[in-house]
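*Asks:* the following block contains a protein sequence and its predicted model.
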Amino acid sequence: MSEDRTVRTLIENDIAWVIINNPPVNATSTAVREGLETAIADVAGARVAILICEGRTFIAGGDMSEFDTLPVAPHLPDVVQMIEDSEVPFIAAMHGNVLGGGFEIAMGCAWRIAASGTRFGLPEVNVGVIPGAGGTQRLPRLIGIEPAIDIACAGKIINSEELYRLGGLDQVVEGDLKQAALAFAQTLPLRPTPVSQRIVEPIDEAALTRKKAEVLRRAKGQHAPLDNFDALTWAARPFSEAQPKERELHLALRKSPESRALRHAFFAERQVAKPAAIAGATAREVEHIAVVGGGLMGAGIAASALNAGLKVTLIERDKTAANAAHDRVTNLLDGALKRGKLGVDQHRRQLNAFRTSDAYSDAAPAQVAVEAVFEDASVKQAVFSELAASMDRNAILATNTSYLDPTVIFAGIENHSRCIGLHFFSPAHIMKLLEIVKTPETHPDVLATGFALGKRMRKVSVLSGICDGFIGNRMLAAYRREADYLLADGALPYQVDAAMRAFGMPMGPYEMQDLTGLQIAWANRKRQAADRDPKERYVPIGDQLCEMDRLGQRSGRGWYLYDGDSRKPLRDPEVEQMIADYSAKQGIDRRDFTKIEILLRLLAVLANEGAQIVEDGIAEGFSEIDMVQIHGYGFPRWRGGPMHYAREIGWRTTSETMKTVAGESPNSWRLANMNNEEPKKLKTAAV
Ligand code: NAI
């Protein structure tokens, strides 16, 4: 049998080896399912069969590129059943990731052994579906309903050791997997009852109700976690009755808007990591970075870089500021240690890799410097001239500015091809989004280095050109502007916030402003005032709040009132009166807006701004827009992002809503071409 077959069978003495080779992750594509069907026939006559995979992992999932097409025989549930029913019993010998369809196949085998550290899970919930090949029916029978709920409803991944403890593995292998599989096959225990024929250990109703409430709370409006929960409870019925129900629901959910959105997000994440602008470019080696400014952002950036295994030198204005920055970073590392996110050794290694200083000369050995000092162009320019004088002439110079034009910040630097924007989001050690800002002269290798750094820091990096606020804050400004128009025309802050929360946002625009503080956006609006078209509609209520020192949660009041240390926003009659007075002064006849009107308008504005950003060449495509919104601004992943959502509800609807919005506030909106549908790209990846 040829070596390059996707699934091949070798029989040595009385032991059959069924070997899968379907790079990169041995996904259960049609070729694998067909190959397994053949292999089940080929192993006849052997005493036992060992199912094992080549490459870096066991079967790590299904092939999502097959989700949008009609399922092709042999179907996975049938293949798993054939393995379970095979006269020759199967041992699954696993390493790497055993996820989705891979885990389902493993549960069809008579025995399961796995290398230490192998990861197991049913992540179908992350793409809005339930397992479709017996996963929700066999897992509770194998390890009990409670751990199965955590795995299927929350997409929790467990390792070999934990699966062994739960009774789902027969052996954790420390040494060579093949040798261990062979030894296991040679001293075979009695064949156990097939997993599908076992009885689920009953748990009491109250515990199940508590679990369901927990799943519901975590789902935050998403459906698939509950669908998984329901399917798991069917395992109390005979397998032959419940499994077809699971399959039916799996196939139906593949077509759900939630699943389409989650799959879009999955592919978009991979797509934005490889923008056209870095095609053919080579990332440079980076081992050491300098961070200048150790305030809120600089400390988070330093912690994130240390976490990525980089050496970090943090430079501050003077010794006192350097000490304060040192404390800020070590507090973050200590916190991670306390919460179990860092091991003791890792924590020690990170502390050893970290230095603070008040001398720019200490930045000299670093390959990259990230500046996070005050948002003031002249302060930043001074920092870069110091860095340019101290560092290698090719060292990469990066600014974390939120709004300033990087070409102005870098004006005094000689070699602009090494300059870049690395815009982190707050808190920088937690937020996933990183906007990588390209200046007209940034060298593709420098950009590629930014992307490599982002990947190392586990960020979702998105390429952005230069405009006011880059991609994310430019969209945020449009979103807030329309929210303010809604207030002026009749809505109240709590109504706008409630509409956006009902859609799945963690917070509405006003609660968000109160949380982050009103002053940054205020300073920004003041800066933009000179360039603002005087004919543009401008609602000054936010400015008035700032002038009244109502700066948000930290000052105890903003758009809402806060009772003592409570973070719960309370409606404030004073603010609502200010809004009503403003409308009256403008001669506006206030009217009611329904939740859906508020939602559609704010989403239309986001999609319109996103489309313009692409038209303007700031972002390469709609995926960039969606990733910025999901990873930086809390847009629900299961809604796919504003561009995906606009596509789902139809560009026409979005464009009509936008025309209404623009008609009500003339001179305030530029309409993007909403027919800007991107061609669908064919993509292949595993769940
Ligand atoms: P911050 O005020 O907390 O920290 C600034 C730090 O820079 C201070 O510790 C200060 O001592 C230090 N510094 C000032 N001048 C310096 C100099 N010449 N040399 C060395 N250190 C100096 O400010 P924050 O919030 O950390 O912001 C920093 C930058 O990050 C700004 O450009 C801001 O626009 C940007 N940014 C802020 C975000 C936020 O949410 N706060 C989000 C994304 C970017």
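*Replies:* It's in. Residues are numbered from 1 along each chain as shown.

*Asks:* nearest to the ligand: which residue in the stretch 1-150 of the chain?
*Replies:* Evaluated by CB to the nearest ligand atom, the stretch 1-150 of the chain has residue 126 as its residue closest to the ligand, separated by 27.9 Å. Placement of C-beta: from N, CA and C, glycine included.

*Asks:* what about residue 324, how many neighbours?
*Replies:* By the measure other CB atoms under 10 Å, the count of residues near residue 324 is 14.

*Asks:* okay, the helix or strand hosting it in CSV with CA atoms only?
*Replies:* Of the helices and strands defined by DSSP states H and E, residue 324 is found in helix 319-338. Once side chains and other backbone atoms are set aside, the C-alpha atoms of helix 319-338 remain, and they are given as CSV (Å, rounded to 0.1, in the frame of the first residue of the first chain):
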residue,chain,number,x,y,z
LYS,A,319,13.9,57.2,38.7
THR,A,320,10.6,57.7,40.6
ALA,A,321,8.5,57.1,37.5
ALA,A,322,10.6,54.1,36.6
ASN,A,323,10.0,52.6,40.1
ALA,A,324,6.3,53.2,39.8
ALA,A,325,6.3,51.5,36.4
HIS,A,326,8.3,48.6,37.8
ASP,A,327,5.6,48.1,40.5
ARG,A,328,2.8,48.4,37.9
VAL,A,329,4.4,45.6,35.8
THR,A,330,5.3,43.3,38.6
ASN,A,331,1.8,43.7,40.0
LEU,A,332,0.4,42.4,36.7
LEU,A,333,2.8,39.5,36.8
ASP,A,334,2.0,38.7,40.4
GLY,A,335,-1.7,38.9,39.7
ALA,A,336,-1.2,36.3,36.8
LEU,A,337,0.7,34.1,39.2
LYS,A,338,-2.0,34.3,41.9
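
*Asks:* can you list phi and psi of the residue of the stretch 1-150 of the chain closest to the ligand for me?
*Replies:* The phi and psi torsions at residue 126 (degrees, to the nearest 10) take the values phi -70, psi -20.

*Asks:* quick check: phi and psi at the nearest residue to it once chain neighbours are set aside.
*Replies:* In space, not counting the residues next to it along the chain, residue 126 is nearest to residue 155; the distance is 4.8 Å by CB to CB, 6 or more residues apart in numbering. Phi and psi for residue 155, reported as degrees, to the nearest 10, are phi 70, psi 30.

*Asks:* what is the neighbour count of residue 155?
*Replies:* Residue 155 is surrounded by 18 other residues when neighbours are defined as other CB under 10 Å.

*Asks:* my guess is residue 638 meets residue 504, correct?
*Replies:* Yes. A contact is recorded between residue 638 and residue 504 when judged using CB atoms under 8 Å, the distance being 7.0 Å.

*Asks:* what mean pLDDT does stretch 669-678 get?
*Replies:* When the per-residue pLDDT values of stretch 669-678 are averaged, the result is 77.

*Asks:* which parts of the stretch 551-687 of the chain are helices?
*Replies:* Taking DSSP state H, counting those that start in this stretch as the criterion, the stretch 551-687 of the chain carries its helices at 573-585, 595-615, 622-633, 642-649, 651-664.

*Asks:* excluding chain neighbours, what is closest to the residue of the chain found nearest the ligand?
*Replies:* With CB to the nearest ligand atom, the shortest gap between the chain and the ligand falls at residue 295, namely 1.8 Å. For residue 295, ignoring the flanking residues on the chain, the nearest one in space by CB to CB, 6+ apart is residue 372 at 6.8 Å.

*Asks:* so what's that neighbour up against?
*Replies:* For residue 372, the set of contacting residues under the criterion of CB atoms under 8 Å, 6 or more residues apart in numbering consists of 291-295, 297-298, 301, 400, 424.

*Asks:* what about 10 Å?
*Replies:* 291-302, 314, 380, 383, 398-401, 422, 424, 428 (CB atoms under 10 Å, 6 or more residues apart in numbering).

*Asks:* kindly compare burial across the helices of the stretch 551-687 of the chain and name the winner.
*Replies:* Of the helices of the stretch 551-687 of the chain, the one with the most neighbours on average (mean count of other CB atoms under 10 Å) is helix 622-633, at a mean of 26.

*Asks:* what mean pLDDT does that one get?
*Replies:* This predicted structure assigns helix 622-633 an average pLDDT of 98.

*Asks:* counting contacts, what elements does that helix pack onto?
*Replies:* With contacts defined as 3 or more CB pairs under 10 Å, 6 or more residues apart in numbering; DSSP states H and E, the secondary structure elements packing on helix 622-633 are helix 257-272, strand 433-437, strand 460-464, helix 470-489, helix 595-615, helix 642-649.

*Asks:* need the ones you listed in CSV (columns: distance to the ligand and mean pLDDT).
*Replies:* Output for these, formatted as CSV (distance: least, CB to the nearest ligand atom, whole Å; pLDDT from 0 to 100):
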stretch, distance to the ligand, mean pLDDT
helix 257-272, 19, 96
strand 433-437, 9, 98
strand 460-464, 13, 98
helix 470-489, 9, 97
helix 595-615, 18, 97
helix 642-649, 21, 96
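
*Asks:* need the ones you listed in CSV with distance to residue 328, can you?
*Replies:* Rendered in CSV, the data for these read as follows (distance: least, CB to CB, whole Å):
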stretch, distance to residue 328
helix 257-272, 30
strand 433-437, 20
strand 460-464, 24
helix 470-489, 24
helix 595-615, 34
helix 642-649, 34
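
*Asks:* so which of those gets nearest residue 250?
*Replies:* The closest approach between residue 250 and any of the helices and strands packed on helix 622-633, judged by CB to CB, belongs to helix 257-272 at 10.0 Å.

*Asks:* so whichever helix or strand comes after that closest one versus helix 319-338, what angle?
*Replies:* Sequence-wise, the next helix or strand downstream of helix 257-272 (DSSP H and E) is strand 288-292. For strand 288-292 and helix 319-338, the angle between their directions (axes from the mean of the first three to the mean of the last three CA atoms, to 10 degrees) works out to 120 degrees.

*Asks:* in the helix or strand that comes right after strand 288-292, what's buried?
*Replies:* Per DSSP H and E, the first helix or strand lying C-terminal to strand 288-292 is helix 296-307. Judged by neighbour count using 16 or more other CB atoms under 10 Å, the buried positions of helix 296-307 are 297-307.

*Asks:* can you redo those as TSV with pLDDT and distance to the ligand?
*Replies:* Formatted as TSV, the entries for those read as follows, by pLDDT from 0 to 100; distance: CB to the nearest ligand atom, whole Å:
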residue	pLDDT	distance to the ligand
297	96	3
298	98	6
299	98	8
300	98	8
301	98	9
302	98	11
303	98	13
304	98	13
305	98	15
306	98	17
307	97	18
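
*Asks:* for those residues, which one is nearest residue 88?
*Replies:* Each of these was scored against residue 88 by CB to CB, and residue 307 proved nearest at 47.6 Å.

*Asks:* mind listing what the closest one touches?
*Replies:* Here residue 307 is in contact with 332-333, 336, 341-342, 346, 350, 429, 456-458 (CB under 10 Å, 6+ apart).

*Asks:* right, I'll leave it there.
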